[in-house]
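*Asks:* fold the following for me, if possible:
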Amino acid sequence: MNSMAKRIILIITLLFVNNYAQNQIDSIKVDSLLNEAFELRWLNPMESIFISSKALEISKSINYGSGIAKSYSFMGVAYENLSMYDEALKHYLEGLKIADSLKLFKDIGFAYNNIANYYIHVKKFELVLEFLNKGYKIAQAINDPELLAYIYRNFSYYYREIKDYNTALNFAKKSLEIREQLNDERGIITSLREILVIYFNSKDYSNAEQTLKKLYEIIGDNKKHSLQLARIKRTEAQILQQKKKYVEAVKKFDESLEIFKSINNLEGIIRIYKLKAELYSSIGKYKEAYFHILQNNAYQDSLNEMISFQKIYLLEVQYRNKELQNKLLLASEEIKQRNIILISLFIGFMILGVSVYFTQRANSEKRKLIEKISEQNKLLEEDNKNKQKIISIIGHDIKNPLGSVYSISDFLINNSDSLEQSELKNYLEIIYRANKNLILLLDNLILWSMNKLGNLNYSFSEVNLNDVVDKIIDLYYSNIQEKNLTVIKNIEYGKVLADENMLSAILRNLINNSIKFCDNNGEIRIRSVLENDRVLISVIDNGKGLTQDQINNIIQEDESFSSYAKKSESSTGLGLQVVKDFVKLHNGELFISSKPNKETVFSFSIKKIKSEVPHLT
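*Replies:* Down below sits the predicted model:
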């Protein structure tokens, strides 16, 4: 196969790889937007709708089915919170249609749950159980505890609305049990508040007060639960009113009102003024009752005006989104046409390559032309070296393993008939290892790019270091066996405060480097020791090692660091850049020490879990 065909095939392959990486980044961006929209669904439904619309736009552009279904679902929830029930149902049904067509069973289950919740709000109780039972069957079939917790909670809402308090309480407790198993603080608070309301409605004030105590202990002064806290204080005030403790009841109503005002929740404010008016009227304080009725009416007028404005504004946004969708549809058609041309070119050049493979002689003038094109391509490659850094990383980090796979494949095509079975197997194993390294490169590239673009979504929680290390050792077991390496694990402190995905990426890159740079029969040690309130994690190998200049380059430079191992090994340095960036995001430091041909130590610090008891493994 001539060099021109090889070059074109490589370029087209890189274009496909680049498109894949961009889709991965976009899908993670969609998930991040949807998380933000979910958090705002109660506090700021309008903003939640706008963010979900953006997620929907991106999801459609990359054909991300789950993102499309969730975007419609989250918009439906926000519309329901704005009392725009027809819009809510329309979006729920659209999300259900998408999820059902793609067999996204969890999204289908949540769609049924949301539709049931809609029918509870509009008091169409005859339809509630139909959709809740459908959602329940899916949650059981896919064994999804989160979905089941939501289903149980809506069962509780339904039975509370029809005043079957015992059944409602049973379902609320089932939801709470799952939330506690999932360690879902927001879900625990929501379930406990539902239990509180059931106790209040059934006049079981003793258990209601016990539930209030649990809620206040969990919430504390955490402002992210302000809306729930305001509602809880409102219910406590109602309990005190029923017990004829009017002074205390007014105080709790005022505390609830202050929180509702601080988060600008008009519906909460209106309800407090209404309840206080009823309280004052019941004890003969008609002047105070009249004042609170006036306040209730004033805020009700403001709420009606705001809802009218929101509906008009959202209709305008929907109109603009429709125009945008039409433009997106046209752009999508253009992209499809471009992809058809690209695929046709790819197939055409593959056929050309096969033809060239079987051709023993070529026209001399064509050869000269190909040589000229080849020289021109070299010049173009030189001119493009200083373009965007991410493109250069793709070109360097992915081109080499792809080139190796291509060269070996070309050799096998030309010589497969003369190779022994064992030789053929060796070459296939080389291709397999090259592809495995390419996958690691792509993972590192995506992580590095997302971090640089500010789109990396992460959260810190308790992580078991032993489990992370064991999974990585299992991942590289065949590489370890191939070199007959000894891996020693000495984890003194095993529980750390970290993002599990980032911690795995750090250790995966360090352990992979140690495997690469160790000689046969070498040794790798993975250890953790306590230093004040942090854990120092180290990966140590007895490979070739580093000079002090090389160490300085890694620590100080923000560029990729070339191989420091044998010629048979390779490293782009992108993995080390991921390590540096992720350690920094954990407020840690990277330490490197080396004695050439004796020992190389890569260490980084990370916060420990305070309750961790030291143990050796």
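*Asks:* residues contacting the closest residue in space to S262 that isn't next to it in sequence?
*Replies:* Leaving aside its chain neighbours, S262 sits nearest to S226 (6.9 Å; criterion: Cβ to Cβ, 6 or more residues apart in numbering). C-beta here means a position set from N, CA and C on the backbone, and glycine is covered the same way. When contacts are counted by Cβ atoms under 8 Å, 6 or more residues apart in numbering, S226 is found next to I259, S262, I263.
*Asks:* what does the pLDDT read for S226?
*Replies:* Per-residue pLDDT puts S226 at 87.
*Asks:* mind picking the lowest-pLDDT entry from the contacts of S226?
*Replies:* The model is least sure about I263 among those, giving it 81.
*Asks:* re the thing from before, what comes up buried for whichever strand or helix holds the residue nearest to S262?
*Replies:* Per DSSP states H and E: S226 is located in helix 226-242. Buried residues in helix 226-242, defined by neighbour count with 16 or more other Cβ atoms under 10 Å: 226, 228-241.
*Asks:* put the alpha carbons of that helix into CSV.
*Replies:* As requested, the backbone C-alpha atoms of helix 226-242 are provided in CSV (Å, rounded to 0.1, in the frame of the first residue of the first chain):
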residue,chain,number,x,y,z
SER,A,226,-33.4,26.4,53.2
LEU,A,227,-36.7,25.5,51.3
GLN,A,228,-37.2,22.3,53.3
LEU,A,229,-36.3,24.0,56.5
ALA,A,230,-39.0,26.7,55.9
ARG,A,231,-41.6,24.1,55.2
ILE,A,232,-40.6,22.1,58.3
LYS,A,233,-40.9,25.1,60.6
ARG,A,234,-44.3,25.9,59.0
THR,A,235,-45.5,22.4,59.9
GLU,A,236,-44.1,22.7,63.5
ALA,A,237,-46.0,26.0,63.9
GLN,A,238,-49.2,24.2,62.8
ILE,A,239,-48.6,21.5,65.4
LEU,A,240,-48.1,24.2,68.1
GLN,A,241,-51.3,25.9,67.0
GLN,A,242,-53.2,22.7,67.3
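*Asks:* now do the buried residues in the helix or strand that comes right after it.
*Replies:* Once helix 226-242 ends, the next helix or strand along the chain (criterion: DSSP H and E) is helix 246-262. Across helix 246-262, burial judged by 16+ other Cβ under 10 Å covers Y246, A249, V250, K252, F253, E255, S256, L257, I259, F260.
*Asks:* what sits closest to the fourth one if chain neighbours are left out?
*Replies:* Think K252. Spatially, and ignoring its direct neighbours in sequence, K252 is nearest to A237 (3.6 Å; Cβ to Cβ, 6+ apart).
*Asks:* how close does that neighbour get to I195?
*Replies:* 18 Å (Cβ to Cβ, to the nearest Å).
*Asks:* distance from stretch 152-171 to the middle of the chain?
*Replies:* Stretch 152-171 sits 33 Å away from the centroid of its parent chain (Cα atoms, centre = their mean, to the nearest Å).
*Asks:* then stretch 602-609?
*Replies:* Taking Cα atoms, centre = their mean, the mean C-alpha location of stretch 602-609 is offset from the chain mean by 24 Å.
*Asks:* CA atoms of it as PDB?
*Replies:* Output in PDB follows, covering the C-alpha atoms of stretch 602-609 (Å, rounded to 0.1, in the frame of the first residue of the first chain):
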ATOM      1  CA  PHE A 602       6.200   9.200  42.700                       C
ATOM      2  CA  SER A 603       4.300  10.400  45.800                       C
ATOM      3  CA  PHE A 604       1.300  12.600  46.300                       C
ATOM      4  CA  SER A 605      -0.600  13.700  49.400                       C
ATOM      5  CA  ILE A 606      -4.400  13.600  49.900                       C
ATOM      6  CA  LYS A 607      -6.800  14.100  52.800                       C
ATOM      7  CA  LYS A 608      -7.500  11.200  55.100                       C
ATOM      8  CA  ILE A 609     -10.900  10.200  56.600                       C
END
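*Asks:* give me the residues contacting that stretch.
*Replies:* With Cβ under 8 Å, 6+ apart as the test, stretch 602-609 has contacts from 462, 493, 495-498, 503, 506, 510, 513-514, 530-531, 533-540, 579, 583, 586-592.
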